[in-house]
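[1] sequence unknown, structure follows:
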């Protein structure tokens with residue numbers, strides 16, 4: 001049951017009837033017509049922009065269209081009233097019976113209430129985390145992992161076929177540095193004194209890796225030059241780091257469908273195939289770029305390079321893909337990786353990047369546009385920084401990593417549920433403050449507690465009713481007559497529940513899972529408000545003296561719990577039944 005979709009369909013049917021009667025011309029584009037909550041709830045249950053949208057193409061005054069449309073809509077039993085406002089907006093009030101039927105419909109659907117078919121099974125690849133396999137992930141990676149994972153769940157809930165993917169950056173020089181750092185720990189495991197040069201990785205997390213390498217190869221690499229061990233240690237160290245990363249992601253509740261190795265692009269012809277695809281479209285040429293902004297000509301040496309005509313696909317400047325010495329730039333394997341995604345048949349792609357990759361957005365979008373001939377959209381979401389606080393002071397240090405707070409530190413300190421919900425309380429491109437004290441406090445200022453407490457309160461009501469011998473099974477509650485649900489506070493709760501399917505589609509369409517967290521906080525506020533009003537108005541209490549009245553009240557509360565569970569499921573957070 002999607003009331004907003006149902007009423008929009010009624011609006012469109014009424015417009016079609018007006019066209020058939022000659023009150024509106026044929027050929028009007030109806031897609032921009034919406035039904036949505038009015039800005040002021042006092043104006044009604046829903047509002048439609050139909051008259052405003054149709055006025056110009058119909059060459060009519062919007063108010064004239066609105067008045068005729070209002071008459072059509074008011075004739076339907078589902079519409080209690082249709083009122084024209086301002087220049088031509090139309091405010092609708094729904095018949096009480098629709099609100100009274102909603103809890104039962106939600107209980108019949110369960111957590112499938114709100115699921116959408118808008119994705120039509122389209123295949124979408126969501127790439128996120130993709131941290132260099134050189135050490136444990138930090139809190140910034142945690143936010144990207146949480147946003148990407150929630151986005152993937154949201155899209156699946158909205159009817160898309162989703163692949164969660166991690167791109168392993170194991171093809172660059174940083175992996176050689178990792179191998180050298182592990183080799184130092186290997187020497188240390190053999191009792192040697194070692195010194196970590198600037199640029200190596202001195203964190204304690206490599207101590208067990210060095211020990212494991214010793215156990216595997218013994219003294220085979222002692223007193224040997226890099227040419228004897230670098231390649232093998234690089235592979236061994238990368239595998240160890242990826243095991244660590246997988247374990248840390250699992251602690252956060254993140255599980256990938258696919259890991260793609262950058263190294264697999266080299267020496268396999270995959271980079272060359274991607275560049276050849278661009279060549280076939282006349283998008284590769286030899287040329288010299290202008291000096292970068294801020295560089296004076298004397299500070300910059302012009303060199304002929306192999307360039308991609310990214311400006312033909314929306315970029316600011318063309319981009320080098322091959323250096324003058326023939327080596328690939330960092331951009332070339334990224335082009336090849338996305339070419340591989342396009343060739344795998346995805347309908348659209350989403351990349352979750354750290355904010356420091358903002359300069360990469362246009363060139364990557366240009367590459368995918370060129371490779372797919374504009375058929376595969378790429379959306380790139382930037383993840384802003386997380387500022388950590390504890391006891392009101394900035395919190396930075398991790399003994400394990402040496403210089404930063406790791407993802408595992410975060411999970412160990414506050415738990416996966418708290419970390420996930422808080423990381424989703426703000427839009428991903430806005431910085432986020434994470435106070436270790438505030439995120440675990442039990443107050444209405446703490447959004448995760450506020451939502452969890454709403455669910456736990458409902459569960460406590462169910463337990464009390466059961467103890468009193470009341471049948472509160474969902475099947476029983478779903479079949480009840482809720483015509484007694486007439487109080488404004490109860491109707492407001494139903495109105496908020498009705499927004500859930502619409503909210504899911506908006507969040508999925510915009511790729512913004514934080515909207516789910518915001519909605520859940522608003523829904524929890526409605527529940528707590530209704531609960532508190534029951535202190536002064538006994539008729540609003542969920543448990544009544546009469547069992548039938550109790551069942552009717554609990555049906556509404558249980559519908560709220562179902563939607564909270566569905567929303568938390570998208571966010572990867574477990575709904576609790578008791579607060580401790």
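    Yes, it's here. Predicted, not measured: the structure shown is a model, and the values here were computed from it. Numbering: from 1, shown residues only.

[2] Now tell me what touches stretch 385-395 from outside.
    The contact list for stretch 385-395 (CB atoms under 8 Å, 6 or more residues apart in numbering) reads 139-140, 142-143, 355, 396, 405, 423, 431-437. Every C-beta, even on glycine, is put in place using the N, C-alpha and C of the backbone.

[3] Checking the closest residue to residue 324 other than its chain neighbours next. Helix, strand or coil?
    Spatial nearest neighbour of residue 324, excluding adjacent residues (CB to CB, 6 or more residues apart in numbering): residue 303 at 4.5 Å. Classification of residue 303 by DSSP: H, G, I helix; E, B strand; the rest coil places it in coil.

[4] how many neighbours does residue 303 have?
    Neighbour count for residue 303, taken as other CB atoms under 10 Å: 11.

[5] Mind listing what's buried along stretch 423-432?
    The neighbour-count check on stretch 423-432 (16 or more other CB atoms under 10 Å) flags 423-428, 432 as buried.

[6] Would you mind measuring the gap between the ends of it?
    Start and end residues of stretch 423-432 are separated by 8 Å (CA to CA, to the nearest Å).

[7] Figure out how far that stretch is from the centre of its chain.
    Centroid displacement of stretch 423-432 relative to its chain, using CA atoms, centre = their mean, to the nearest Å, is 11 Å.

[8] So the spatially most central residue of the chain versus residue 281, what's the distance?
    Central residue of the chain (CA atoms, centre = their mean): residue 151, 2.6 Å from the mean position. Per CB to CB, to the nearest Å, residue 151 is found 31 Å from residue 281.

[9] So which of the contacts of stretch 385-395 sit within helices?
    When the contacts of stretch 385-395 are checked against helices (DSSP state H), the matches are 139-140, 142-143, 423.

[10] how many neighbours does residue 310 have?
    If we define neighbours as other CB under 10 Å, then residue 310 has 25 of them.

[11] And it, how close does it get to residue 283?
    From residue 310 across to residue 283, the span is 8 Å (CB to CB).

[12] Now do the shared contacts for the two.
    Shared contacts of residue 310 and residue 283 (CB under 8 Å, 6+ apart): residue 370.

[13] how much space is there between the closest residue to residue 244 other than its chain neighbours and residue 357?
    Distances taken as CB to CB, 6+ apart put residue 136 closest to residue 244, at 6.1 Å, once the chain neighbours are dropped. With distances taken as CB to CB, residue 136 is found 20 Å from residue 357.

[14] what about these two, which has more around it?
    Between residue 136 and residue 357, counted using other CB under 10 Å, the more crowded position is residue 136 (21 against 14).

[15] quick one, what contacts that one?
    203, 205, 244-245, 248, 400-401, 406-408.

[16] Quick one: buried ones out of those residues?
    Using 16+ other CB under 10 Å as the burial test, the contacts of residue 136 include 203, 205, 244-245, 248, 401, 406-408 as buried.

[17] Turn those into a markdown table, including secondary structure, pLDDT and distance to residue 114.
    Below are the buried ones among the contacts of residue 136 laid out as a markdown table (DSSP: H, G, I helix; E, B strand; the rest coil; pLDDT from 0 to 100; distance: CB to CB, whole Å):
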| residue | secondary structure | pLDDT | distance to residue 114 |
| --- | --- | --- | --- |
| 203 | coil | 87 | 44 |
| 205 | helix | 93 | 41 |
| 244 | helix | 95 | 37 |
| 245 | helix | 96 | 33 |
| 248 | helix | 95 | 31 |
| 401 | coil | 56 | 40 |
| 406 | strand | 88 | 35 |
| 407 | helix | 92 | 30 |
| 408 | helix | 92 | 33 |
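
[18] Measure how buried the closest residue to residue 479 other than its chain neighbours is and give me the count.
    Leaving aside its chain neighbours, residue 479 sits nearest to residue 104 (6.8 Å; criterion: CB to CB, 6+ apart). By other CB under 10 Å, 20 other residues sit near residue 104.

[19] looking at it, residue 104 is touching residue 480, isn't it?
    Yes. Counting by CB atoms under 8 Å, residue 104 does reach residue 480; the two are 6.6 Å apart.

[20] Touching both of these two, which residues are there?
    Shared contacts of residue 104 and residue 480 (CB under 8 Å, 6+ apart): residue 555.

[21] Parallel or antiparallel, list what pairs with the helix-or-strand element of the chain with minimal mean pLDDT.
    The weakest-scoring helix or strand in the chain, judged by mean pLDDT, DSSP states H and E, is strand 393-394 (a mean of 88). Sheet pairing here is set by DSSP bridges, and for strand 393-394 it gives strand 386-390 (antiparallel).

[22] Would you mark the buried spots in the partner strand?
    For strand 386-390, a neighbour-count test (16+ other CB under 10 Å) marks 386, 388 as buried.

[23] pLDDT (mean, whole number) over that strand?
    Mean per-residue pLDDT for strand 386-390: 90.

[24] What is the burial count for residue 243?
    Using other CB under 10 Å, residue 243 has 12 neighbouring residues.

[25] try residue 185
    26.

[26] Among the contacts of stretch 385-395, name the buried ones.
    Counted by 16+ other CB under 10 Å, the contacts of stretch 385-395 give 139-140, 142-143, 405, 423, 432, 434-436 as buried.

[27] which one in these is the model shakiest on?
    Note: of these, the lowest pLDDT belongs to residue 405, at 84.

[28] right, and that one touches residue 411 too?
    No. Using CB under 8 Å, residue 405 is not in contact with residue 411, being 10.9 Å away.

[29] picking up where we left off before, of all the contacts of stretch 385-395, which comes closest to residue 373?
    Of all the contacts of stretch 385-395, residue 373 sits closest to residue 355, with 30.2 Å by CB to CB.

[30] For the closest one, which residues are in contact?
    Counting by CB under 8 Å, 6+ apart, residue 355 touches 382-385, 429.

[31] Now those in CSV, please, with extra columns for distance to residue 85 and secondary structure.
    Shown next, in CSV, are the contacts of residue 355 (distance: CB to CB, whole Å; DSSP: H, G, I helix; E, B strand; the rest coil):
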residue, distance to residue 85, secondary structure
382, 39, strand
383, 41, strand
384, 39, coil
385, 43, coil
429, 34, coil
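
[32] Residue 62: which of these is nearest?
    residue 429 (35.5 Å).

[33] Below-threshold pLDDT in the chain: ranges please.
    For the chain, the stretches with pLDDT under 70 are 294-299, 397-403.
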